[in-house]
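K.L.:
Return a 3D structure for these sequence lines:
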Amino acid sequence: MLNSQQVDDLPNLGRNSFLLSKLNNNVVPSGPPSWNRFQDQTGSSNLSIGGGPIRGNNYLIDGIPVTDSNNRAVIIPSEEGVQEMKLQTGTYDATMGRTGGGVFNTVIKSGTNDIHGDVLGYLRNTPMTANNFFNNAAGIPRPPENWENWAGSLAGPVVIPKVYNGRNKTFFFVATEGYLDGQPQAQAFALPTAAEKAGNFSAAGKIIYDPTTGVACTSASGCPSGATVIRTPFPNNIIPLSRINPVGQAIMSSLPTPNTNLTGVIDQNNYQGQDTLGNHAEQFMYKMEENPVQWIRLSGSFLYYKSHEPGGNSLDAFPGAGGTSYLLDRHVDATAINAIFTLNPTTVLTARYGFNRFPNITDYVAHGFDQTKLGLPASYVNSLQVKEFPQIGLSEAGTTFGGAGPTNDVFSSKNLSFSVSKFVGIHNLTMGFDYRTINVGGISFTNGEGLFSFNGIFSQQYNVSTASTGR
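P.N.:
Numbering: from 1, shown residues only. Predicted coordinates:
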């Protein structure tokens, strides 16, 4: 168990309270180490606890489960607001439920009769960092890499002068945390040169064959095994402009020009792109507590965060770098209402209700693009589910660009529970009822913008894969 003092004092990259569980030698993390912020639900939940399955855990905040249908914690409370976090493995009883690994039991801070607060600020800007090796090799300057992190909290009694004095009775707690994260991204691509876009492959190092010149051949006539067609190369390895499809030409014209010295080596990365991922997230926490009489304790908490997490567009072009050039937005809230009744010195009745929502919205940089601008027929474009640049896969070059299909998924859950605990001598008897609904809905498109994949087989010497020919 970690109390608020330990949560505050222990080093914690990303200030992610759930990842403090890695201090326990019974916890094995498996997610990417960079996914350690409070917006990284997926990476933060990739934990195996007590030998249990990865992402097989349950997460409670003020007694309310915040675990979605993918076994992720939909919200990760800021360190500023954690009073206590208990990791339970193997020793919990049936009241915890729905886990094959461990249970994160987290309690949000409450106010006291005294006013307490804190403020935190952290700054790291670009001049404090060095450029990376690959940017230096390509002559690319150091990208912006700023990091700003702030947090604060305030707690105390609810007092309205001459109207209400809530000392010993009514308390509040509020906290916030946010960050701006400038994360550099670099990717390499194999792109056509200006000459290749015009059909001139004389410097490409591969012979381009005319797909309309195929004649029958057999292994007896010298064709490789499996080949049934042999073709004639284009004169001087140049495709006549009249043979270039205008749609293909429009697609290729959307790509940038190679910027490395590998412009004469076909199918090798000749473009070094970069971008800065401008991540931004803010979290807000609120809690009220009311003790109307000595034996009743009522509390309600509300946690909310919003984040904007771009995947980056290191291709530096409108279509975007395939599935990596996404725009991810999240708006998450979690509400918990608790009522605790101490009926007598040995009997406690607890009633809880809570709900949470986790919209996960992904879009792409070419959102809204009209594909008729590429020359595609309106009858085809009007049938598409998504208005984006089409996804283009150049399998031989290993390059993918264009859209990837947006998603708008909403994970949600509700919980209602009652329990009675009774001490009888040295025994503790508990009985109760726990009802949960876990839902996911929304819409997701797979290749709704169209997917075109090219492998160069029709411009190779034979109708089977042939080295050093085709494009």
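
K.L.:
quick one: low-confidence parts of the protein?
P.N.:
91-92, 262-267, 397, 471 (pLDDT under 70).

K.L.:
Quick one: the helices in it, in order.
P.N.:
In the chain, helices defined by DSSP state H lie at 4-9, 41-45, 133-138, 194-197, 246-253, 378-381, listed in chain order.

K.L.:
contacts for the fourth one?
P.N.:
Put plainly, it is helix 194-197. Taking contacts as Cβ atoms under 8 Å, 6 or more residues apart in numbering, the residues outside helix 194-197 that touch it are 201, 202, 203, 204, 249, 252, 253, 257, 471. Using the backbone N, CA and C atoms, a C-beta is placed for each residue, glycine as well.

K.L.:
wait, which of the helices of the chain is closest to residue 391?
P.N.:
Of all those, it is helix 246-253 that lies closest to residue 391, at 10.9 Å by Cβ to Cβ.

K.L.:
list the contacts for residue 436?
P.N.:
Counting by Cβ under 8 Å, 6+ apart, residue 436 has contacts 65, 97, 98, 413, 414, 415.

K.L.:
ok, which stretches of the stretch 201-350 of the chain are strands?
P.N.:
Counting by DSSP state E, counting those that start in this stretch, the stretch 201-350 of the chain has strands at residues 209-216, 229-233, 271-290, 296-310, 326-344, 347-364.

K.L.:
Can you name every helix or strand that the shortest one contacts?
P.N.:
For strand 229-233, the packing partners by 3 or more Cβ pairs under 8 Å, 6 or more residues apart in numbering; DSSP states H and E come out as strand 209-216.

K.L.:
List the buried residues in the strand it packs on.
P.N.:
Within strand 209-216, the residues scored as buried using 16 or more other Cβ atoms under 10 Å are 209, 210, 214.

K.L.:
Okay, now the sheet partners of it, with direction.
P.N.:
strand 229-233 (antiparallel) (DSSP bridges).

K.L.:
now the partner strand, how far from the centre of its chain.
P.N.:
47 Å (Cα atoms, centre = their mean, to the nearest Å).

K.L.:
got it, and stretch 283-295?
P.N.:
So, by Cα atoms, centre = their mean, the centroid of stretch 283-295 is 33 Å from its chain's centroid.

K.L.:
which parts of it are buried?
P.N.:
283, 284, 285, 286, 287, 288, 289, 291.

K.L.:
Surely residue 41 and residue 66 touch.
P.N.:
No - when contacts are counted by Cβ atoms under 8 Å, residue 41 is not listed as touching residue 66 (9.7 Å).

K.L.:
any shared contact partners between the two?
P.N.:
Contacts common to residue 41 and residue 66, judged by Cβ under 8 Å, 6+ apart, are 73, 74, 75.

K.L.:
I'd guessed residue 48 sits against residue 24; true?
P.N.:
No - using Cβ under 8 Å, residue 48 is not in contact with residue 24, being 11.6 Å away.

K.L.:
Of those two, give the one with the bigger neighbour count.
P.N.:
residue 48 (19 against 14; other Cβ atoms under 10 Å).
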